[in-house]
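Participant: just a sequence and a predicted model for now, questions to come.
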There are 2 protein chains.
Amino acid sequence: MNDKATASQAERKRGEGVKFVYDILRDDILDLVLPPGSPIDEVQLAERLSMSRTPIREALVRLAGEGLVTTLPNRSTVVSNIDFLNLHTFFDAMTLMYRVTTRLAAQARTAADLETIRARQQEFARAVETHDALAMIAANRDFHAAIAEAGRNPYYTGLFCRLLDEGRRILRIYYSSFDDHLPHRYVVEHEDIIAAIEARDVEAADRLASAHADQIVRQIQEMIARDRRQQIAL
Amino acid sequence: MNDKATASQAERKRGEGVKFVYDILRDDILDLVLPPGSPIDEVQLAERLSMSRTPIREALVRLAGEGLVTTLPNRSTVVSNIDFLNLHTFFDAMTLMYRVTTRLAAQARTAADLETIRARQQEFARAVETHDALAMIAANRDFHAAIAEAGRNPYYTGLFCRLLDEGRRILRIYYSSFDDHLPHRYVVEHEDIIAAIEARDVEAADRLASAHADQIVRQIQEMIARDRRQQIAL
DNA sequence: TGTATTTTATTTGTCGACAAGAATTTCCGC
DNA sequence: GCGGAAATTCTTGTCGACAAATAAAATACA
């Protein structure tokens, strides 16, 4: 499934076995290589990564803690489903965290923070230019995570990153039907947000982040609606 | 250390071993039976609970995911420290979650929710009456968790409960010096919040929750300041 | 006596194995 | 042929053991 799996299977230092399998599983889940509902076979995984079941189970416990997998007692553990019925709670939390983290960044950012944020924005712009939807999703995540880091509230960054990851999963679903023609608008909006953070203009940062979040929510909802129509048409 | 440990050591169903040790450790950590910085000896725990190290390690991984313990690679795992230098980030997040969850509860509460909330409030009032500080802390947590549940946003309830737990740890530290004469004011404030939720008055709920949060933050800061003075006096 | 170095001891991370539950298949009565 | 009980296969949760990594102790040396 994952290339990294077969690659460095032999030489692995003691103590990083759990992190190894955790990273692989996490990536595969967020990239939908393992779609929601997929059962995760411990034995099979252990064979493929040529390691014991113990570190794999510990990685699964960690993933379960983050809500990425669900462990049915005495039954198989499966990749967590996306709760489409309650997506509004996701959008609500997402919007709030966009606002809060951007506000805090405008208050607390250092010069170094700005530099990091700009670097992420550049990666994002490049992804948009090259029409690489998947890279764009990842870059967008890193961009906003960098802003959250600049806000220096680990409680917010924790929840926000979790939400961004969940969003990555949702977007992956619809970016197959989306024709990779990515709106340049997001790049501009990001630039505006950076400007507000640099100017330490908290209110502007809040307003822009709020508008940006609304954009994204609207886009996702539109994609869902389009997908619904398509399914009915079939 | 914990009574429950020695109690039902023999008969334990398969599959609940991890939850068993998780609950014990969690309680001990939040009640400061295991103070911050305490090393957790896997072997010792295994002997005391008469079980293998495997389920204990999985419980520790889970606790590490919630930030309650810190695992130093190839070294012992210790109970996480309370970051007093950055308490303001805690207060900030706490206040926001108080507001958001109470707002949502005012929007989405059902009759059943109100009943649960009222029950928790009664327990809280009883704890205040009997001057039982420790019971009050726990009841307060349950009261606000019930409100958050009524808001029906798992992302918010997740973060909020984590914050409430961390607050429980912080309060425990200072309630030894606090003379158990608990302010009746909190009971009244809770009643006001309930009334706003019942009336579905979102703005009032927000305002009251905000004021309530400020109260609590102020009280904690006051306790810290008093403690500082006391330490200097000694 | 104090410091550097080797030796010992403790503790962690990982492994293979086994037994309890669940899922599946087989077998039997109708 | 079909529904249900018994047996089998599979998977999970737990265990004891071992080896790497670290901490502690003992020894050598200046």
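Facilitator: Now that the structure is in, tell me what you want to look at. Predicted, not measured: the structure shown is a model, and the values here were computed from it.

Participant: number of residues surrounding A:Ala199?
Facilitator: Using other CB atoms under 10 Å in any protein chain shown, A:Ala199 has 11 neighbouring residues. Every C-beta, even on glycine, is put in place using the N, C-alpha and C of the backbone.

Participant: and if you look at A:Ala209?
Facilitator: 28.

Participant: with A:Asp31 instead?
Facilitator: 16.

Participant: that one: what's it in contact with?
Facilitator: A:134, A:168, A:172 (CB atoms under 8 Å, 6 or more residues apart in numbering or on different chains).

Participant: and for A:Tyr22?
Facilitator: Taking CB under 8 Å, 6+ apart, one finds A:59, A:62-63 in contact with A:Tyr22.

Participant: buried set for the longest helix along chain A?
Facilitator: Using DSSP state H, we find that the single longest helix of chain A is helix A:202-233. Buried residues in helix A:202-233, counted by 16 or more other CB atoms under 10 Å in any protein chain shown: A:202, A:204-210, A:212-213, A:216-217, A:219-220, A:223.

Participant: packing partners for that helix?
Facilitator: Packing contacts for helix A:202-233, counted by 3 or more CB pairs under 8 Å, 6 or more residues apart in numbering or on different chains; DSSP states H and E, involve helix A:87-108, helix A:154-174, helix A:185-198.

Participant: average pLDDT across the shortest one?
Facilitator: Averaged across helix A:185-198, the pLDDT comes to 94.

Participant: A:Thr70 is in what secondary structure piece?
Facilitator: strand A:69-71 (DSSP states H and E).

Participant: what about the helix or strand immediately after that strand in the chain, near DNA strand D?
Facilitator: Downstream of strand A:69-71, the first helix or strand assigned by DSSP H and E is strand A:77-79. Yes. Remark: strand A:77-79 sits within contact range of DNA strand D at A:Thr77, by CB under 7 Å from any atom of the strand.

Participant: pLDDT score for the residue positioned nearest the centre of chain A?
Facilitator: Nearest to the geometric centre of chain A sits A:Asp165, at 2.4 Å (CA atoms, centre = their mean). Here, the pLDDT recorded for A:Asp165 equals 93.

Participant: cool, A:Asp180 as well?
Facilitator: 57.

Participant: please list the residues of chain A that sit near DNA strand C.
Facilitator: A:14-18, A:50-55, A:58, A:74-75.

Participant: need those in a markdown table with pLDDT and secondary structure, can you?
Facilitator: As requested, the residues of chain A next to DNA strand C are exported to a markdown table (pLDDT from 0 to 100; DSSP: H, G, I helix; E, B strand; the rest coil):
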| residue | pLDDT | secondary structure |
| --- | --- | --- |
| A:Arg14 | 81 | coil |
| A:Gly15 | 80 | coil |
| A:Glu16 | 86 | coil |
| A:Gly17 | 86 | helix |
| A:Val18 | 93 | helix |
| A:Ser50 | 92 | coil |
| A:Met51 | 94 | coil |
| A:Ser52 | 94 | coil |
| A:Arg53 | 96 | helix |
| A:Thr54 | 96 | helix |
| A:Pro55 | 96 | helix |
| A:Glu58 | 96 | helix |
| A:Asn74 | 88 | coil |
| A:Arg75 | 88 | coil |
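
Participant: quick check: which of those residues are also close to DNA strand D?
Facilitator: Near DNA strand D, by the rule CB under 7 Å from any atom of the strand, you find A:14-15, A:53-54, A:74-75 out of these.

Participant: skipping adjacent residues, who's closest to whichever residue of chain A sits closest to DNA strand C in space?
Facilitator: The nearest approach of chain A to DNA strand C comes at A:Gly17, 2.3 Å away (CB to the nearest atom of the strand). Leaving aside its chain neighbours, A:Gly17 sits nearest to A:Pro55 (4.1 Å; criterion: CB to CB, 6 or more residues apart in numbering or on different chains).

Participant: the nearest residue to A:Arg185 once chain neighbours are set aside and A:Pro39, how far apart?
Facilitator: Distances taken as CB to CB, 6+ apart place A:Gln215 nearest to A:Arg185, at 7.3 Å, with adjacent residues excluded. Per CB to CB, to the nearest Å, A:Gln215 is found 36 Å from A:Pro39.

Participant: so where's chain A shaky on pLDDT?
Facilitator: Applying pLDDT under 70 to chain A flags the ranges A:1-11, A:176-182, A:233-234.

Participant: how is it divided into domains?
Facilitator: Chain A breaks down into these domains under automatic domain parsing: A:3-79, A:84-233.

Participant: on that earlier part again, how many residues are close by the residue nearest to A:Gly17?
Facilitator: So A:Pro55, with other CB under 10 Å, has 20 neighbours.

Participant: wait, isn't it in contact with A:Val21?
Facilitator: Yes. In this structure A:Pro55 lies within contact range of A:Val21 using CB atoms under 8 Å: 6.1 Å.

Participant: dihedrals phi and psi, the residue of chain A found nearest chain B?
Facilitator: Closest approach between chain A and chain B, counting by CB to the nearest CB: A:Gly65, at 3.5 Å. Taking degrees, to the nearest 10, you get phi -60, psi -30 for the backbone angles of A:Gly65.

Participant: which one is it nearest to, not counting chain neighbours?
Facilitator: B:Gly65 is the one closest to A:Gly65 (CB to CB, 6+ apart), at 3.5 Å.

Participant: try A:Ala125
Facilitator: Per CB to CB, 6+ apart, closest to A:Ala125 is A:Val187, 5.1 Å.

Participant: then A:Phe124?
Facilitator: Using CB to CB, 6+ apart, the nearest residue to A:Phe124 is A:Ala139, at 4.0 Å.

Participant: for A:Val69, same thing?
Facilitator: Nearest to A:Val69 is A:Leu63, by CB to CB, 6+ apart, at 4.5 Å.

Participant: I figured A:Ser38 hits A:Val78, correct?
Facilitator: Yes. With contact defined as CB under 8 Å, A:Ser38 reaches A:Val78; the gap is 6.3 Å.

Participant: in ChimeraX, select just the buried ones from the contacts of A:Asp31.
Facilitator: A single ChimeraX command is used to select the members of the contacts of A:Asp31 judged buried by 16+ other CB under 10 Å:
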select /A:168,172
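
Participant: okay, the contacts of A:Asp31 in a markdown table with distance to B:Ala112 next?
Facilitator: Conversion of these to a markdown table gives the following (distance: CB to CB, whole Å):
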| residue | distance to B:Ala112 |
| --- | --- |
| A:Leu134 | 44 |
| A:Arg168 | 35 |
| A:Arg172 | 37 |
